[in-house]
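1. pasting the sequence and the predicted coordinates here, then a few questions.
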Amino acid sequence: MKKIIIAIDGHSATGKSSTAKVVASRLGYLYLDSGAMYRATTLYFLKHGVSLAHKADVLRALEEIHISFEPTAQGNTATFLNGKNVEEEIRSMEVSNYVSAVSALKEVRQAMVAQQRALGKQKGIVMDGRDIGSVVFPHAELKIFMTASARVRALRRQKELQEKGQSVSFEEILANVQERDHQDSTRSESPLLKVEDAIEIDNSELSFNKQVEKILQLALAKING
Ligand code: CDP
């Protein structure tokens, strides 16, 4: 059967990752979370006090950063930074507050995009992020652009953090969601945008399952068409 690349881009906390994961598993495809790579890089920068203003330091740090996705004993896939499972740590508010500044750097993006393209070489992949359909895989057979209102997204993110035992105020999360939207859409390097051939899905009032079904239908039409 023909294998395709599915690119899912969109605003933060639109459920891109959860959706991409289910779509990939239903198709027997590989799922890749590009945001986790930017988050792992951000964690490394925070831990090592890498200054974004010093390009030489940034480049040196990037050479030290090795990110992989590996299965865990619980049967999930987790993000590993230099051999250590950082899946939990990269979802903290500290990382969320800094990640858009780190991912606005040209040097960071070049390093990540090169790794992402290498990972996607064999097709049969679902990748989610901000620039997957525009920069990483401009020839992806199916491109989805996911959005929802900022309030709905902040509520979802708050619930997610609460389930992990982190209590963060709704106002702080809403401010983070809005600030990241702004930074991601206005940066000069690969800004978040909906490319012409992407299909937009606003899921403010669409259930998770309906959204997955919709994307699966679109994918099957491409695979069989
Ligand atoms: O899950 P959530 O939407 O909160 O974000 P994420 O996918 O984990 O990505 C975190 C941040 O990384 C985004 O706000 C972007 O600043 C950056 N990012 C990016 O620049 N390009 C990507 N392909 C993926 C993420």
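-> Received it, and whenever you're ready, just let me know what you need.

2. average pLDDT for stretch 110-120?
-> For stretch 110-120, mean pLDDT rounds to 93.

3. kindly report the same for stretch 71-80.
-> 86.

4. what pairs with the helix or strand containing residue 69, and is each one parallel or antiparallel?
-> Residue 69 belongs to strand 67-71 when elements are defined using DSSP states H and E. The strands beside strand 67-71 in its sheet (DSSP bridges) come out as strand 77-81 (antiparallel).

5. can you name the next helix or strand after the partner strand?
-> Counting by DSSP H and E, the next helix or strand C-terminal to strand 77-81 is strand 84-85.

6. direction included, what does that next one pair against?
-> Partners of strand 84-85 in its sheet, by DSSP bridges: strand 77-81 (antiparallel).

7. ok, residues contacting the partner strand?
-> Contacts of strand 77-81 with the rest of the structure, by CB atoms under 8 Å, 6 or more residues apart in numbering, involve 31, 33, 36-37, 39-40, 43-44, 65-72, 85-87, 90. For glycine as for every other residue, the C-beta is placed from the backbone atoms N, C-alpha and C.

8. switch to 10 Å and redo it
-> 21, 30-33, 35-37, 39-41, 43-44, 47, 65-72, 85-91 (CB atoms under 10 Å, 6 or more residues apart in numbering).

9. show the buried residues in those residues.
-> 21, 30-33, 35-37, 39-41, 43-44, 65, 67, 69, 86-87, 89-91 (16 or more other CB atoms under 10 Å).

10. please flag which of those sit within helices.
-> Members of these lying in helices (criterion: DSSP state H): 21, 35, 36, 37, 39, 40, 41, 43, 44.

11. skipping its backbone neighbours, what lies nearest the fifth one in space?
-> So the one you mean is residue 39. Among residues not flanking residue 39 along the chain, residue 90 sits closest, at 3.7 Å (CB to CB, 6 or more residues apart in numbering).

12. kindly report the same for the first one.
-> Counting by CB to CB, 6+ apart, residue 31 is the residue found nearest to residue 21 once chain neighbours are left out, at 5.1 Å.

13. OK, contacts around that neighbour?
-> Applying CB under 10 Å, 6+ apart to residue 31 gives the contacts 6, 8, 17, 20-25, 69, 77, 125-128.

14. and the residues you listed near the ligand, which?
-> By CB under 6 Å from any ligand atom, the members of the contacts of residue 31 lying near the ligand are residue 17.

15. any of the contacts of residue 31 buried? List them.
-> Judged by 16+ other CB under 10 Å, buried ones among these: 6, 8, 17, 20-24, 69, 77, 125-128.

16. distance of the closest residue to residue 61 other than its chain neighbours from the ligand?
-> Excluding its sequence neighbours, the residue lying closest to residue 61 (CB to CB, 6+ apart) is residue 50, at 4.6 Å. Distance check for residue 50 against the ligand: by CB to the nearest ligand atom, to the nearest Å, it reads 16 Å.

17. for residue 50, helix, strand, or coil?
-> Judged by DSSP: H, G, I helix; E, B strand; the rest coil, the three-state class of residue 50 is coil.
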